[in-house]
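>>> Based on what follows, work out the 3D shape:
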Amino acid sequence: MAMNGTIKKTVPDRGFGFITGEDNEEYFFHRTGSDASLDFEGLGGGERVTFDIEQSDKGPRAKNVRRAV
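Numbering: from 1, shown residues only. Purely as a prediction, here's the structure:
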């Protein structure tokens, strides 16, 4: 199930970031979990995205992160 959210912060040199979901939860995401439509290096925060949620050993995280339409 896809969810919408907003990029909260990215750490480009480490290859990860955080998304605030429409449920007000914060989701970790890794550069490898972003779609080609999303320029990870160009993210500055505030961009609207759509993503899926998967469970990891550290809790829920975002995958298939892509620009919201």
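>>> Please count neighbours and contacts with C-alpha atoms only from this point.
Noted.
>>> what about the strands in the chain?
3-11, 16-21, 26-30, 48-56, 59-67 (DSSP state E).
>>> Ok, which of these comes nearest D39?
D39 lies closest to strand 59-67 among those, at 9.3 Å (CA to CA).
>>> Show me the contact partners of that closest one.
Here strand 59-67 makes contact (CA atoms under 8 Å, 6 or more residues apart in numbering) with 19, 27-30, 33-38, 47-55.
>>> and what of stretch 15-26?
Contacts for stretch 15-26 (CA under 8 Å, 6+ apart): 3-11, 27-31, 62.
>>> Would you indicate which residues of it are buried?
Across stretch 15-26, burial judged by 16 or more other CA atoms under 10 Å covers F16, G17, F18, I19, T20, G21, E26.
>>> repeat for stretch 33-45
By 16+ other CA under 10 Å, the buried positions in stretch 33-45 come out as G33, S34, L38, F40, L43.
>>> Okay, and which of the residues you listed map to helices?
Among the buried residues of stretch 33-45, no member is found in helices (DSSP state H).
>>> Provide the backbone phi and psi angles at the residue located most distally from the centre of the chain.
Centroid-distance maximum for the chain: D57 at 17.4 Å, with CA atoms, centre = their mean. Reported as degrees, to the nearest 10, the phi and psi values for D57 are phi -70, psi -10.
>>> Distance check, it against R14.
Applying CA to CA, to the nearest Å, the value for D57 to R14 is 19 Å.
>>> Count the neighbours of the closest residue in space to F40 that isn't next to it in sequence for me.
What sits nearest to F40 in space, not counting adjacent residues and going by CA to CA, 6 or more residues apart in numbering, is R31, at 6.5 Å. Applying other CA atoms under 10 Å, we find 20 residues neighbouring R31.
>>> Next, the contact list for R31, please.
Residues near R31 by CA under 8 Å, 6+ apart: G15, F16, G17, F40.
>>> Fine, thanks again, bye for now.
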